[in-house]
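Q: The following block contains a protein sequence and its predicted model.
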Amino acid sequence: MLDISPAEWTAILLSLRVAVIATLVATPFGIALAWLLARKDFWGKSLLDAVVHLPLVLPPVVTGYLLLLTFGRRGLVGAFLADHLGIVFAFRWTGAALACGIMSFPLLVRPMRLSIEAIDRRLEQAAETLGAAPWKVFFTVTLPLALPGVLAGMVLGFAKAIGEFGATITFVSNIPGETQTISSAIYSLIQTPDGDSAAGRLVIVSIVLAIGALIAAEWFARRATQRLHGN
Amino acid sequence: MLRVDIEKELGEFSLSASFTSEGRVIGLFGASGAGKSSLVNMIAGLLRPDRGTIVIDGETVDDTAAGIHVPTYRRSIGYVFQDARLFPHLNVAQNLDYGRRMNGLAADPAQHKRVVDLLDIGALLDRRPGKLSGGERQRVALGRALLSKPRLLLLDEPLGALDEGRKLEILPYLVRLRDEANVPMVYVSHDVAELRQLATQIVMLKQGRVTSFGGVKVLS
């Protein structure tokens, strides 16, 4: 019914790859940060919290430009990574993943943090009295109980990453087959005279992916409640 | 053996307790707010004394002068809370096994069977904590603490959240535990009848001070 062309498939698959990698790489950082924000009090905590949320409120083009300045070939971090580790972000799909990961990070962290905050800390105390060292408590009690929230965060982050546009196009441009995601493909298509039907197809794909992600996140949230009540 | 000699400021309240006991079941008696739970939490290592020492079974676990504070997970204690605190994501069997796994102990099927039989929880093993009654939950919590092979078992009002009928249901298990399990216990309660049945020694607390110490006779 949707007659998707090879070029459109390329954009869809690239978007999926970028969003999957961005989400997988961001998840351990997200869990660590969610735990830190939920459980620890330290100097500069509200500043850290604000920085994490910054991509949500900054114009995406600003975030993209900052990424270009930092991770571009001549950027401070970018030059170092390119010279010493051979990792290049500028105008590569990896750069798109980096941009998507940073833009989706606030959405990824939030459900994780909420689910860790909802855990009864007395359960962690009980685990400690049974001989579990702090890191074991984390992996056997905290993380399993937070798991639905972790998955919900991953789904939301993924949904955001797959639709990211502004920061990505600013940082890595819009190169078909390398950095052209669904969003930048739609942007190109609606600027071409006969692009309407192709753009329409990609719009439908975007809507389906977004709704699917929201349903999945909702389902995980419901699982979280069941898990915490031990049913 | 348990030796406690501590001081702790908790806001307006100050706790100062000193006793040495060889008793099998030390009953910690006092009204609510007398400092019983704080004292037990200090023995467990969940709370740190401001000054003093705590010695469990010959090992100094707290000595503020020497800067010693053994963390809870290395104290080899069992703790049964008023609100069971079973892990909701694990079934009963996994809850029972938790302490053994965390301490890296070898499986001990004989001990497992003994505890499961003693507490009559064999029929519950596949269930989730959410599907247990209050009394069943408390029995599982007891089993979970025992199976971690503690050298001291702390029970903080384990019957406190249960109604009269359920209390009478659990009490015989605690008596059996005292007579058969061979683990010294600290039993916190404000219920004289409970302590008369269970304790072999009483530490009476009043507003953060030990007011009497001795056999169950001090309760009268």
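A: Perfect, I can see it now. Numbering: from 1, shown residues only, chains lettered A, B, ... in the order given.
Q: for chain A, what are the nearby residues on chain B?
A: B:44, B:46, B:71-74, B:76-79, B:81, B:83, B:85-89, B:98-99, B:102-103, B:128-131, B:144-145, B:148, B:154 (CB under 8 Å from any CB of the partner chain). Quick note: C-beta positions are derived from backbone N, CA and C, even for glycine.
Q: Please, a ChimeraX command that selects the buried ones among these?
A: This is how ChimeraX selects the buried members of the residues of chain B next to chain A, with burial counted by 16 or more other CB atoms under 10 Å in any protein chain shown:
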select /B:44,46,72,73,76,77,78,79,81,83,85,86,87,88,89,98,99,102,103,128,129,144,145,148,154
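Q: check contacts around the closest residue to chain A within chain B.
A: Among the residues of chain B, B:Pro88 lies nearest to chain A; the distance is 3.0 Å by CB to the nearest CB. Contact partners of B:Pro88, counting by CB atoms under 8 Å, 6 or more residues apart in numbering or on different chains, are A:123, A:145, A:227-230, B:128-130.
Q: Over to A:Pro55?
A: Contacts for A:Pro55 (CB under 8 Å, 6+ apart) come out as A:63, A:102-103, A:105-106, A:167.
Q: And the host helix or strand of it, how far out from the chain middle?
A: In this structure, A:Pro55 sits in helix A:45-57 according to DSSP states H and E. Once both centres are worked out by CA atoms, centre = their mean, to the nearest Å, helix A:45-57 turns out to sit 15 Å from its chain's centre.
Q: what about the spatially most central residue of chain B, which SS state?
A: Geometric centre of chain B, nearest residue: B:Leu154, 1.4 Å, by CA atoms, centre = their mean. At B:Leu154 the chain is in strand, as set by DSSP: H, G, I helix; E, B strand; the rest coil.
Q: Can whichever strand or helix holds A:Gly153 be said to contact chain B?
A: If you go by DSSP H and E, A:Gly153 is part of helix A:143-163. Yes - residues of helix A:143-163 are located near chain B by CB under 8 Å from any CB, namely A:144-145.
Q: so for the next helix or strand along the chain from that helix, what's the average pLDDT?
A: Moving toward the C-terminus from helix A:143-163, the next helix or strand (DSSP H and E) is helix A:166-172. Mean per-residue pLDDT for helix A:166-172: 93.
Q: Check stretch B:149-156 too.
A: What stretch B:149-156 shows for mean pLDDT is 94.
Q: ranges for the helices of the chain?
A: Answering for chain A, as no chain was given. Secondary structure of chain A (DSSP state H): helices at A:6-39, A:45-57, A:60-71, A:76-80, A:93-117, A:121-129, A:134-137, A:143-163, A:166-172, A:182-189, A:196-229.
Q: wrong chain, I was asking about chain B
A: Secondary structure of chain B (DSSP H): helices at B:36-44, B:92-102, B:109-119, B:134-147, B:164-180, B:192-198.
Q: Need the winner for burial among those helices.
A: Each of the helices of chain B was scored by mean neighbour count; the highest is helix B:134-147, a mean of 24, by mean count of other CB atoms under 10 Å in any protein chain shown.
Q: Quick one: list the elements packing against that one.
A: Applying 3 or more CB pairs under 8 Å, 6 or more residues apart in numbering or on different chains; DSSP states H and E, one finds that helix B:134-147 contacts strand B:77-80, helix B:92-102, helix B:109-119, helix B:164-180.
Q: The helix holding A:Pro55 to helix A:143-163, inter-axis angle?
A: Helix A:45-57 runs at 40 degrees relative to helix A:143-163, counting by axes from the mean of the first three to the mean of the last three CA atoms, to 10 degrees.
Q: What mean pLDDT does helix A:45-57 get?
A: Across helix A:45-57, the average pLDDT comes to 92.
Q: closest to A:Arg110 out of the helices of chain B?
A: Evaluated over the helices of chain B, closeness to A:Arg110 peaks at helix B:92-102, with 30.2 Å, by CB to CB.
Q: what about that closest one, distance to the chain center?
A: For helix B:92-102, the distance to the chain centre is 18 Å (CA atoms, centre = their mean).
Q: again with stretch A:224-231
A: The chain centroid and the centroid of stretch A:224-231 are separated by 26 Å under CA atoms, centre = their mean.
Q: just the CA coordinates of it, formatted as PDB?
A: The C-alpha coordinates for stretch A:224-231 follow below in PDB (Å, rounded to 0.1, in the frame of the first residue of the first chain):
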ATOM      1  CA  ALA A 224       6.400  -0.700  36.500                       C
ATOM      2  CA  THR A 225       3.500  -0.300  38.800                       C
ATOM      3  CA  GLN A 226       2.800  -4.000  38.800                       C
ATOM      4  CA  ARG A 227       6.400  -4.800  39.500                       C
ATOM      5  CA  LEU A 228       6.600  -2.500  42.500                       C
ATOM      6  CA  HIS A 229       3.600  -4.100  44.000                       C
ATOM      7  CA  GLY A 230       4.900  -7.600  43.600                       C
ATOM      8  CA  ASN A 231       1.800  -9.100  41.800                       C
END
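Q: And the contacts of it?
A: Stretch A:224-231 has contacts (CB under 8 Å, 6+ apart) with A:115, A:118-120, A:145, A:147-149, A:152, B:86-89, B:128-131.
Q: OK, contacts around B:Asp62?
A: Residues in contact with B:Asp62 (CB under 8 Å, 6+ apart) are B:6, B:42, B:45, B:48-49, B:52-54, B:68-70.
Q: Which among those residues count as buried?
A: Buried among these (16+ other CB under 10 Å): B:6, B:42, B:45, B:49, B:52-54, B:70.
Q: re earlier: quick check: buried residues in the helix holding A:Gly153?
A: Buried residues in helix A:143-163, counted by 16+ other CB under 10 Å: A:144-163.
Q: and the angle from it to helix A:6-39?
A: Using the same axes, to 10 degrees: helix A:143-163 against helix A:6-39 is 140 degrees.
Q: hmm, back to that, comparing the helices of chain B by mean pLDDT, which bottoms out?
A: Mean pLDDT is lowest for helix B:164-180 out of the helices of chain B, coming in at a mean of 84.
Q: same for that one, what does it pack against?
A: Helices and strands touching helix B:164-180, by 3+ CB pairs under 8 Å, 6+ apart, are helix B:109-119, helix B:134-147, strand B:185-189, helix B:192-198.
Q: Go again with 10 Å.
A: strand B:25-29, helix B:109-119, helix B:134-147, strand B:152-156, strand B:185-189, helix B:192-198 (3 or more CB pairs under 10 Å, 6 or more residues apart in numbering or on different chains; DSSP states H and E).
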